[in-house]
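Peer 1: any chance you can model this:
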Amino acid sequence: MRPGELSVTNISRSILAYLVRNPQAEDTVEGVVQWWLLDQTITHETNAVRQALADLTAKGLLIQEVGKDARIHYRINSARLNEASALVGTYHSSGRQLMSPMIKNRSPHLLTVELNNRDTIHLAPNETSRALKDFEISENPQIQKLTARNLIEMQVETATGSMGRQGRSEEQSQPEKTTDFKSQSSSRT
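Peer 2: Numbering: from 1, shown residues only. This next block holds a predicted model:
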């Protein structure tokens with residue numbers, strides 16, 4: 001497969017899908033990009049957003065209510081705000097990330113993990129990575145597989161330097177040592 005081939009295939013499919021729904025349409029290259037593909041992206045993303053909202057509501061992280069306009073409105077479940085913050089990392093209004101995800105190697109072996117930005121981190125047994133950015137690990141199949149196999153543990157470092165396990169409720173969490181990872185992480189990749 002040539003580089004970009006999949007992208008061209010997806011674009012071709014999106015163009016045809018738009019034209020099947022709008023058989024009288026015609027436009028320039030710029031119009032196709034601006035209107036047809038945007039329309040297809042919005043249609044696709046709307047379905048994905050509906051599924052994500054349903055999943056988050058089913059997990060109890062969101063609350064849905066029927067508004068005065070008779071449409072469903074979603075909001076965060078304030079009782080689960082800490083859990084939601086741990087799942088995504090929390091950002092200050094300045095854009096600075098307040099909670100940074102980290103990866104701890106729970107296996108007895110050296111692990112090499114490729115991040116979404118193509119950087120790799122190498123973790124010795126029981127070693128914890130530097131603080132990571134959400135975009136480096138979000139929806140990463142390797143990280144999901146290692147987590148499912150209990151070979152790594154996702155942890156969260158807050159702005160104060162304390163850390164906790166990601167995705168665990170207060171009742172499940174054991175007290176953990178508070179560690180200043182800032183000084184340790186500066187020499188790690």
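
Peer 1: am I right that Trp36 is in a helix?
Peer 2: Yes - according to DSSP: H, G, I helix; E, B strand; the rest coil, Trp36 belongs to a helix.

Peer 1: surely Arg106 touches Thr147?
Peer 2: No - counting by Cβ atoms under 8 Å, Arg106 stays clear of Thr147, with 9.6 Å between them. Backbone N, C-alpha and C define where each C-beta goes, glycine included.

Peer 1: just give the closest residue to Pro125, not the sequence neighbours.
Peer 2: Nearest residue to Pro125, sequence neighbours excluded (Cβ to Cβ, 6 or more residues apart in numbering): Pro108, at 5.2 Å.

Peer 1: sec struct for the one you found, please.
Peer 2: coil.

Peer 1: what about Ile137, how many residues nearby?
Peer 2: Other residues lying near Ile137 total 22 when counted by other Cβ atoms under 10 Å.

Peer 1: hmm, it is touching Asn117, no?
Peer 2: No - Ile137 lies out of contact with Asn117 (Cβ under 8 Å); the separation is 9.7 Å.

Peer 1: bridging residues for the closest residue in space to Asn105 that isn't next to it in sequence?
Peer 2: If you skip the residues right next to it in sequence, Asn105 has Leu123 as its closest partner in space, 3.8 Å away by Cβ to Cβ, 6+ apart. Beta-bridge partners for Leu123, by DSSP bridges, are Leu111.
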